[in-house]
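Asker: Give me a model of this one.
(chains A and B)
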Amino acid sequence: MSVIIGFIILIVILVLIFISMYNSLVQLRNQVKNAWSQIDVQLKRRYDLIPNLLETVKGYAAHEKETFQNVVEARSKAMGANSIQEKSSAENAFSGAISKFLLVVENYPELKANENFMMLMEELTSTENKISFSRQAYNDSVLFYNNKIEMMPSNIIAGMFNFTKETFFEVENKVERENPKVKF
Amino acid sequence: MWELIQSNKRKSWALFLIMGSFLLFMGFLIGEFYFEGGGVFGIIISSIIWIIFSTISYFGGSSIILGISNAQEVSKKVHPQLFNIVEEMTIASNLNKMPKIYIINDVSPNAFATGRNPENSSIAVTAGLLGKLNRDELQGVVAHEMSHIVNRDVMFMTFAGVMLGAIVIISDVFLRSLWMGGGSRSRYGKKSGGGQAQLILMIVSVLFAILGPIFAQLLYFAISRKREYLADASAVRLTRYPEGLASALEKISGDVNALQKAYKATSGMYIVNPLHKQGMSVTDISSTHPPISERIRILRSITGGAAFIDYQLAYAKIKGKTEKIIPDSVISQKEKVEQKTLQNTFKIDSDPKDIQRQIGNIMMLANKYLFISCTCGLKLKIPPDFGKDSVECPKCHTINKLPENDIKVAMDIISEAEI
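Answerer: This next block holds a predicted model:
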């Protein structure tokens, strides 16, 4: 009798461990998804910010039309991109255009006195940071999730329920990883 | 990150149990001291004290601490940059909810974090910190505070501090009652039988009452110091830029202003201990923080990457010890984390007068002052209890209407980011 009870208790404990491991895998997978969507949120925010910034700067640097045009074009290209491949190269081009734009703006010290401009610059700086931090956080969660899938004992459950490894976010273009260099 | 949280939680529980049993044992000894079989009674009383203290600190701890530190909760418009930086660090550390932001009305630069869990946490910085640090430095400080929240140090240190307080109070009351009148002691002594055993018990309990608090304090301090290093290491990993925090620590420790509302109970929570900033070159076992100069040296000698292993290597190099700051399970993950080389430096004023004015403005904004600019260029600063709906400019005598809602200028066109 006592053997049977002991056996039942053992099974119950095993099932509980099984459930908690499964749940933690699901939780981690969701975290990876969340982190990925955060990158999108920040990229969208950058789209919103740029027109305002251009509007403010236009009055001060009217003859830099070409640079502005490049930024606008790169922005709409990035917004219109569909496939992941296309998207990442368009975003890279957009970042490049912004960097160039910032270099040009640097030549207009009068802008620093414009509160509106400074505020938008802070927002742009922060958004660039948020983009890189959200990629960083995504890679963090992917690293942990992939480790869990590989390691005993959670790998057994991962194999049973088809949890597959996620890929890391890698920036192909090294320059893009650095923030636009703004110095006043 | 997650392994670190897990290992920290385990350690917190271990310390919690050690200090808890310590407290109960002390209650037992003191109870036995007064009358035979009083041990149970002593345990009950000491656990009641402990439970009351813990409950208060769990639910009200943060607000009490923020209250006595003179901190005010602020919205984004008071200091957009601070708000942005906290958002950035929230994203980097994968938290679901951004901590609340408080500004302390003080010109001395310092900061602390509080809260019972990451969902209910707050970061408080002084106005002086905002005025004196540039963006990268501020980011380093916020990252350090965020690490305390992520590593669950905040709740742990509060509870450990509360338990320490309970131990100190119990032993204090006990020793005092001995000095005042040994009434119960003489009654105890008159009892016949087992005299020697009782004498030993008496000596042990007095010794315990004297040494107990000291021991508990040293344990608390040792762990607190270790967690400061750990938070520095985590901050480097979050920002990927050790120089930001290093130069912030340098500025904070070099500042001549002393924090106004600094208490012994809260001093351990700040990024730099406000009670003894100077004269901290030697490792002091009764200090909650490692010497700042050492923290800076470690940060500056990090080479290669910004991963935990890189901090551990720098720590070993500076301290010459093999002591583990970061648990092995965390380091063993072979992660490659590159340092950032160039950050945005976005600070233009460095003139001390400008900085003073800025700090003053931050304090006024935090206190809900309203800033409006008159047509003549003068900036009018209106106190929150002004009471009228228009104000006359002292320079050009134009009557300026007060806007219904606070400064709206460009904030409206910036769509709020969602976390």
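
Asker: Which residue, other than its chain neighbours, is closest to the one residue sitting closest to the centre of chain A?
Answerer: Centroid-nearest residue in chain A: residue A:39, 2.6 Å away (criterion: Cα atoms, centre = their mean). Of all residues not flanking residue A:39 in the chain, residue A:134 sits nearest, at 4.6 Å (Cβ to Cβ, 6 or more residues apart in numbering or on different chains). C-beta: built from backbone N, CA, C; applies to glycine.

Asker: What about that neighbour, how many residues nearby?
Answerer: Residue A:134: 24 surrounding residues under other Cβ atoms under 10 Å in any protein chain shown.

Asker: same deal with residue B:100?
Answerer: Neighbours around residue B:100, by other Cβ under 10 Å: 18.

Asker: need the contact list for it.
Answerer: B:73, B:121, B:122, B:123 (Cβ atoms under 8 Å, 6 or more residues apart in numbering or on different chains).

Asker: now for these, which pair is the farthest apart?
Answerer: B:73 and B:121 (12.7 Å; Cβ to Cβ).

Asker: ok, the two, which is more surrounded?
Answerer: Counted by other Cβ under 10 Å, residue B:73 and residue B:121 do not tie: residue B:121 has more neighbours, with 23 against 13.

Asker: does the nearest residue to residue B:202 once chain neighbours are set aside belong to a helix or a strand, and which?
Answerer: Excluding its sequence neighbours, the residue lying closest to residue B:202 (Cβ to Cβ, 6+ apart) is residue B:33, at 6.2 Å. Taking DSSP states H and E as the definition, one finds residue B:33 inside helix B:2-34.

Asker: Against which helices or strands is that helix packed?
Answerer: Packing contacts for helix B:2-34, counted by 3 or more Cβ pairs under 8 Å, 6 or more residues apart in numbering or on different chains; DSSP states H and E, involve helix B:39-68, helix B:153-180, helix B:183-190, helix B:195-239, helix B:328-331.

Asker: Could you work out which of these reaches nearest to residue A:109?
Answerer: Ranking the helices and strands packed on helix B:2-34 by their distance to residue A:109 (criterion: Cβ to Cβ) puts helix B:195-239 first, at 28.9 Å.

Asker: before we move on, the earlier item: make JSON lines out of the helices and strands packed on helix B:2-34 and add mean pLDDT and mean neighbour count.
Answerer: Formatted as JSON lines, those follow (pLDDT from 0 to 100; neighbours: other Cβ atoms under 10 Å in any protein chain shown):
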{"stretch": "helix B:39-68", "mean pLDDT": "83", "mean neighbour count": "16"}
{"stretch": "helix B:153-180", "mean pLDDT": "78", "mean neighbour count": "19"}
{"stretch": "helix B:183-190", "mean pLDDT": "48", "mean neighbour count": "12"}
{"stretch": "helix B:195-239", "mean pLDDT": "83", "mean neighbour count": "19"}
{"stretch": "helix B:328-331", "mean pLDDT": "68", "mean neighbour count": "16"}
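
Asker: can you list these in JSON lines and add distance to residue A:49?
Answerer: Below are the helices and strands packed on helix B:2-34 laid out as JSON lines (distance: least, Cβ to Cβ, whole Å):
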{"stretch": "helix B:39-68", "distance to residue A:49": "33"}
{"stretch": "helix B:153-180", "distance to residue A:49": "33"}
{"stretch": "helix B:183-190", "distance to residue A:49": "73"}
{"stretch": "helix B:195-239", "distance to residue A:49": "22"}
{"stretch": "helix B:328-331", "distance to residue A:49": "36"}
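
Asker: Could you pick out the residues of the stretch 101-250 of chain B near chain A for me?
Answerer: Residues of the stretch 101-250 of chain B found near chain A (Cβ under 8 Å from any Cβ of the partner chain) are B:135, B:238, B:240.

Asker: Tell me the one among the residues you listed nearest to residue A:59.
Answerer: When these are compared against residue A:59 (criterion: Cβ to Cβ), the nearest one is residue B:135, at 26.0 Å.

Asker: from the contacts of residue B:100, which is closest to chain A?
Answerer: residue B:123 (16.2 Å; Cβ to the nearest Cβ).

Asker: thought the closest one was touching residue B:104?
Answerer: No. Contact criterion Cβ atoms under 8 Å: residue B:123 and residue B:104 do not qualify, at 10.9 Å.

Asker: who has more neighbours, those two?
Answerer: Using other Cβ under 10 Å, the more surrounded residue of residue B:123 and residue B:104 is residue B:123, with 28 against 24.

Asker: Show me the beta-bridge partners of the more buried one.
Answerer: residue B:101, residue B:113 (DSSP bridges).

Asker: show me what contacts it?
Answerer: B:86, B:99, B:100, B:101, B:102, B:111, B:112, B:113, B:142, B:145, B:146, B:149.

Asker: what pLDDT does residue B:102 get?
Answerer: What the model reports as pLDDT for residue B:102 is 94.

Asker: Neighbours of it, how many?
Answerer: Under the neighbour criterion other Cβ under 10 Å, residue B:102 is assigned a count of 23.

Asker: mind listing what it touches?
Answerer: B:66, B:71, B:72, B:73, B:74, B:122, B:123, B:124, B:125.

Asker: Would you check that the fifth one makes contact with residue B:366?
Answerer: Yes. Residue B:74 is within contact range of residue B:366, at 5.3 Å (criterion: Cβ under 8 Å).

Asker: shared neighbours, those two?
Answerer: In contact with both residue B:74 and residue B:366: residue B:103, using Cβ under 8 Å, 6+ apart.

Asker: circling back to that earlier point, give me the pLDDT for the residue nearest to residue B:202.
Answerer: Looking at residue B:33, the pLDDT reads 77.

Asker: Shouldn't residue B:258 be within a strand?
Answerer: No. Under DSSP: H, G, I helix; E, B strand; the rest coil, residue B:258 sits outside any strand and is assigned coil.

Asker: What is the burial count for it?
Answerer: 14.

Asker: So the nearest residue to it once chain neighbours are set aside: helix, strand or coil?
Answerer: When the adjacent residues along the chain are set aside, residue B:258 lies closest to residue B:108, with 5.8 Å between them (Cβ to Cβ, 6+ apart). Following three-state DSSP, the label given to residue B:108 is coil.

Asker: Next one, pLDDT for residue B:108 please.
Answerer: Reported pLDDT for residue B:108: 88.

Asker: Tell me who's in contact with it.
Answerer: So residue B:108 contacts B:126, B:128, B:255, B:257, B:258, B:259, B:260, B:274 (Cβ under 8 Å, 6+ apart).

Asker: Can you pull the phi and psi angles for it?
Answerer: Note on residue B:108: backbone dihedrals following degrees, to the nearest 10 are phi -70, psi 130.

Asker: For chain A, see how far away it is.
Answerer: Distance, residue B:108 to chain A, by Cβ to the nearest Cβ, to the nearest Å: 25 Å.

Asker: Could I get the buried residue list for stretch A:92-105?
Answerer: For stretch A:92-105, a neighbour-count test (16 or more other Cβ atoms under 10 Å in any protein chain shown) marks A:92-102, A:104-105 as buried.

Asker: Among the residues you listed, which one lies nearest to chain B?
Answerer: Among the buried residues of stretch A:92-105, and counting by Cβ to the nearest Cβ, the member closest to chain B is residue A:102, at 9.8 Å.

Asker: Mind telling me what element the closest one is part of?
Answerer: Since the elements are taken from DSSP H and E, residue A:102 ends up inside helix A:84-105.

Asker: wait, does that helix contact chain B?
Answerer: No. Helix A:84-105 stays clear of chain B (Cβ under 8 Å from any Cβ), getting no nearer than 9.8 Å.

Asker: CA atoms only: put that helix into PDB for me.
Answerer: These are the backbone C-alpha positions of helix A:84-105, laid out as PDB (Å, rounded to 0.1, in the frame of the first residue of the first chain):
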ATOM      1  CA  ILE A  84      13.200  40.900 -43.600                       C
ATOM      2  CA  GLN A  85      16.200  41.100 -45.900                       C
ATOM      3  CA  GLU A  86      14.900  44.100 -47.600                       C
ATOM      4  CA  LYS A  87      13.900  45.700 -44.400                       C
ATOM      5  CA  SER A  88      17.300  45.300 -42.700                       C
ATOM      6  CA  SER A  89      19.200  46.800 -45.600                       C
ATOM      7  CA  ALA A  90      16.700  49.700 -45.900                       C
ATOM      8  CA  GLU A  91      17.000  50.400 -42.200                       C
ATOM      9  CA  ASN A  92      20.700  50.500 -42.500                       C
ATOM     10  CA  ALA A  93      20.500  52.900 -45.400                       C
ATOM     11  CA  PHE A  94      18.100  55.100 -43.300                       C
ATOM     12  CA  SER A  95      20.500  55.100 -40.400                       C
ATOM     13  CA  GLY A  96      23.300  56.100 -42.700                       C
ATOM     14  CA  ALA A  97      21.200  59.000 -44.100                       C
ATOM     15  CA  ILE A  98      20.400  60.200 -40.600                       C
ATOM     16  CA  SER A  99      24.100  60.200 -39.700                       C
ATOM     17  CA  LYS A 100      24.900  62.300 -42.700                       C
ATOM     18  CA  PHE A 101      22.100  64.600 -41.900                       C
ATOM     19  CA  LEU A 102      23.400  65.100 -38.300                       C
ATOM     20  CA  LEU A 103      26.900  65.800 -39.600                       C
ATOM     21  CA  VAL A 104      25.400  68.600 -41.800                       C
ATOM     22  CA  VAL A 105      23.300  70.000 -39.000                       C
END
